[in-house]
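Chemist: using only what follows, build the 3D model:
(2 chains)
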2 protein chains.
Amino acid sequence: MSGSDNKVLFERIALIGAGLIGSSLAHVVRRDGLAGHIAVSARTQATLDKIQELGLADSVHLDASEAAQDADLVVLCTPVGVYGDIAKAIAPSLKPGAIVTDVGSCKQSVIDDVRPHLPEGVHLVPGHPVAGTEHSGPEAGFAELFEGRWAILTPETDTDEDAIEAVADLWRRAGSFIEIMEARHHDQVLAITSHLPQLVAYTIVDTATGLEDHLKGEVVKFSAGGFRDFTRLAASDPVMWRDICLANKDAILDILGRFTEDLTALQRAIRRGEAKTLEESFARTRAIRRGVIDAKQD
Amino acid sequence: MSGSDNKVLFERIALIGAGLIGSSLAHVVRRDGLAGHIAVSARTQATLDKIQELGLADSVHLDASEAAQDADLVVLCTPVGVYGDIAKAIAPSLKPGAIVTDVGSCKQSVIDDVRPHLPEGVHLVPGHPVAGTEHSGPEAGFAELFEGRWAILTPETDTDEDAIEAVADLWRRAGSFIEIMEARHHDQVLAITSHLPQLVAYTIVDTATGLEDHLKGEVVKFSAGGFRDFTRLAASDPVMWRDICLANKDAILDILGRFTEDLTALQRAIRRGEAKTLEESFARTRAIRRGVIDAKQD
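Modeler: Below is the predicted model of the structure:
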């Protein structure tokens, strides 16, 4: 689909932040010529240098408000914890009719943190491309990251339809499917599909790290038994995940509670040697795997 | 290395059980001509038919003792829970000097369950190839499964050196590296690198399965956020894992206890909004990932 009918979707796109997701999106916009001008802002000159070296920006800026100046679309691609500060900083530069979107893994906090700062006539369309790798930084990005994945948009009910459609169009060009849902519902769903797995992966690797030294080396050596899949997840960006934990606290604590109950029940079955309970419990989960394969999300 | 100096290592090899590991080993033995005769036994005729269709056996047997008759090497490839019964059944057929090994994921239980049944002059060399996929059954096997992976052997201190070397040779021909360690130590190490990740994966998928229906469908749909990695593990054979839980109970309960403590500490940090604790904890785990990549177990 992508590349078949290239046309400029936005005169000027400003990407605020250029990590894995921001740089991947820049690759898409560049490849398909979706913007007349790509302005990229980042916190460090090193990141901006890398972005220029990769040919991903028409202009680079240490000052986010400079990048956002006259932009038709502003995409927040930083950890979610700084969205509020950024919104405040760029607000005076935003032109009437500009659209602000983002790529964060929790969505109600975007509405709470960003919306109050935006001037009248600027549209907020929170977004979340459900895609990623364990790598971080501008050099980790690639245009195909979003292909066949979902991009979830969580606009409020009174949001301008054209603005929603414009953001949806961008993700369609990236090869994603579009899903629109309520922000709080998104946060509940992602707490289980993404945040809980991530926290469990961090914890399991942390538990291994806390072992006696003579065991620790062997844990790495024999990691092919299952552990290595967790180390992949646990290599994700710590600041990004810190912010997600703080911003989606309620949904995460709820799902952690359920998980702990289920794990305790399993532990009890092992201690009591309940063979039948164990086998039945392990057999149940195969159907879900089948569903993931059928949904082509594997 | 494999294929470069093909020679018969054993006149007759008997594989008891022909799932993923058993059939993969049969592929290796067949490919490199490591046995004069491959005898395979399985619980069902369907499995034996499949093994014959794949050309992996010179003889197939529903009766394990028939397969083990006159074998130089007997490899137990069933779930560990039936090892004791099999050892008892094949004992009268074992010839003096025969070697019995296995491929199970816990090792002290092999010594406890198998050793008492073996006649004088038969050598027991418990083994564990640390390799696998989420697929099960004879058609899932392939010769390359063990390449670059570890094969851990856990013989007792008085075990015949030639017998240990013969089993090590087989795994070297499969492309594996050999590690020799004490059975209880193996069980501790694997409890963290394999059993804990597996149980956590089962539980996380189980927690998702227990959600309200309107959430459940979305969990599969948006599984690319991390969840799908767990569904892969959770698709593993339920009976195999039931038996591992029962056979390695003490080490598993110990590591589950540590994991739960660590998860509770994380949960507490989230509830209290302790940003610094969260970031530091998430940053620590990156080094372990680096270790896994360096150890070429990724």
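
Chemist: strands of chain A, start to end?
Modeler: A:10-16, A:35-41, A:59-61, A:73-76, A:99-102, A:123-125, A:127-129, A:150-153, A:177-180 (DSSP state E).

Chemist: the nearest residue to residue A:31 once chain neighbours are set aside and residue A:32: what is the separation?
Modeler: Leaving aside its sequence neighbours, residue A:31 sits nearest to residue A:143 (Cβ to Cβ, 6 or more residues apart in numbering or on different chains; 5.1 Å). (Each C-beta comes from the backbone N, C-alpha and C, glycine too.) To residue A:32, residue A:143 is 9 Å away according to Cβ to Cβ, to the nearest Å.

Chemist: next one: residue A:227
Modeler: 40 Å.

Chemist: what about these two, which has more around it?
Modeler: Counted by other Cβ atoms under 10 Å in any protein chain shown, residue A:227 and residue A:32 do not tie: residue A:227 has more neighbours, with 25 against 20.

Chemist: kindly reformat the strands of chain A as CSV containing distance to chain B, mean neighbour count and mean pLDDT.
Modeler: Shown next, in CSV, are the strands of chain A (distance: least, Cβ to the nearest Cβ, whole Å; neighbours: other Cβ atoms under 10 Å in any protein chain shown; pLDDT from 0 to 100):
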stretch, distance to chain B, mean neighbour count, mean pLDDT
strand A:10-16, 21, 25, 98
strand A:35-41, 23, 22, 98
strand A:59-61, 26, 19, 98
strand A:73-76, 19, 26, 98
strand A:99-102, 16, 26, 98
strand A:123-125, 18, 21, 98
strand A:127-129, 9, 25, 97
strand A:150-153, 6, 23, 96
strand A:177-180, 8, 16, 97
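
Chemist: can I get the ones you listed in TSV with distance to residue B:77?
Modeler: Converted to TSV, those look like this (distance: least, Cβ to Cβ, whole Å):
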stretch	distance to residue B:77
strand A:10-16	54
strand A:35-41	56
strand A:59-61	59
strand A:73-76	53
strand A:99-102	52
strand A:123-125	55
strand A:127-129	44
strand A:150-153	41
strand A:177-180	43
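
Chemist: okay, now residue A:290: neighbour count?
Modeler: Neighbours around residue A:290, by other Cβ under 10 Å: 12.

Chemist: oh, that last question was meant for residue A:249, not what I typed.
Modeler: 18.

Chemist: contacting residues for it?
Modeler: By Cβ atoms under 8 Å, 6 or more residues apart in numbering or on different chains, the contact set of residue A:249 is B:270-271, B:273.

Chemist: neighbour count and distance to chain A added to those residues, as a markdown table?
Modeler: As requested, the contacts of residue A:249 are exported to a markdown table (neighbours: other Cβ atoms under 10 Å in any protein chain shown; distance: Cβ to the nearest Cβ, whole Å):
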| residue | neighbour count | distance to chain A |
| --- | --- | --- |
| B:270 | 21 | 5 |
| B:271 | 14 | 6 |
| B:273 | 11 | 6 |
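
Chemist: now, those residues that are in helices?
Modeler: B:270-271 (DSSP state H).

Chemist: export the contacts of residue A:249 as a markdown table, with columns for pLDDT.
Modeler: Converted to a markdown table, the contacts of residue A:249 look like this (pLDDT from 0 to 100):
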| residue | pLDDT |
| --- | --- |
| B:270 | 98 |
| B:271 | 97 |
| B:273 | 97 |
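
Chemist: wait, which of the contacts of residue A:249 is closest to residue A:24?
Modeler: residue B:270 (28.2 Å; Cβ to Cβ).

Chemist: can I assume the closest one is in contact with residue A:245?
Modeler: Yes - using Cβ atoms under 8 Å, residue B:270 is in contact with residue A:245, at 4.9 Å.

Chemist: need the overlap of contacts for those two.
Modeler: By Cβ under 8 Å, 6+ apart, the residues touching both residue B:270 and residue A:245 are A:252, B:278.

Chemist: next one: residue A:111 from residue A:87, what distance?
Modeler: Counting by Cβ to Cβ, the gap from residue A:111 to residue A:87 is 11 Å.

Chemist: return the residues in contact with residue A:153.
Modeler: With Cβ under 8 Å, 6+ apart, residue A:153 has these contacts: A:101, A:125-128, A:164, A:167-168, A:178-181.

Chemist: check residue A:95 and give its pLDDT.
Modeler: Here, the pLDDT recorded for residue A:95 equals 97.

Chemist: tell me who's in contact with it.
Modeler: Residues in contact with residue A:95, defined by Cβ under 8 Å, 6+ apart, are A:70-72.

Chemist: get me the contact residues on the stretch 1-150 of chain A for chain B.
Modeler: When proximity is defined as Cβ under 8 Å from any Cβ of the partner chain, the stretch 1-150 of chain A approaches chain B at A:81, A:105, A:130-132, A:134, A:149-150.

Chemist: change it to 7 Å
Modeler: A:130-131, A:149-150 (Cβ under 7 Å from any Cβ of the partner chain).

Chemist: could I get the residues you listed as JSON lines with distance to residue B:94?
Modeler: Listed next are the residues of the stretch 1-150 of chain A next to chain B as JSON lines, based on distance: Cβ to Cβ, whole Å:
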{"residue": "A:130", "distance to residue B:94": "56"}
{"residue": "A:131", "distance to residue B:94": "55"}
{"residue": "A:149", "distance to residue B:94": "55"}
{"residue": "A:150", "distance to residue B:94": "57"}
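
Chemist: quick one, phi/psi of residue A:137?
Modeler: phi 90, psi 160 (degrees, to the nearest 10).

Chemist: if any of the residues of the stretch 1-150 of chain A next to chain B are buried, put those into a PyMOL selection.
Modeler: Of the residues of the stretch 1-150 of chain A next to chain B, the buried ones can be selected in PyMOL as follows, counting by 16 or more other Cβ atoms under 10 Å in any protein chain shown:
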select buried, chain A and resi 130+131+149+150
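
Chemist: for the residues of the stretch 1-150 of chain A next to chain B, work out which two are farthest apart.
Modeler: Among the residues of the stretch 1-150 of chain A next to chain B, the pair separated by the greatest distance (Cβ to Cβ) is A:131 and A:150, which sit 8.2 Å apart.

Chemist: if we can go back for a sec, of the contacts of residue A:95 - the most surrounded one?
Modeler: So for these (other Cβ under 10 Å), the most neighbours sit at residue A:71, 26 neighbours.

Chemist: ok, now which ones touch it?
Modeler: Going by Cβ atoms under 7 Å, 6 or more residues apart in numbering or on different chains, residue A:71 touches A:12-14, A:39, A:98.

Chemist: if we use 6 Å, what do you get?
Modeler: Residue A:71 makes contacts with A:12, A:14, as judged by Cβ atoms under 6 Å, 6 or more residues apart in numbering or on different chains.

Chemist: and it, backbone torsions?
Modeler: phi -70, psi 140.

Chemist: distance of it from residue A:51?
Modeler: Distance of residue A:71 to residue A:51, computed by Cβ to Cβ: 16 Å.
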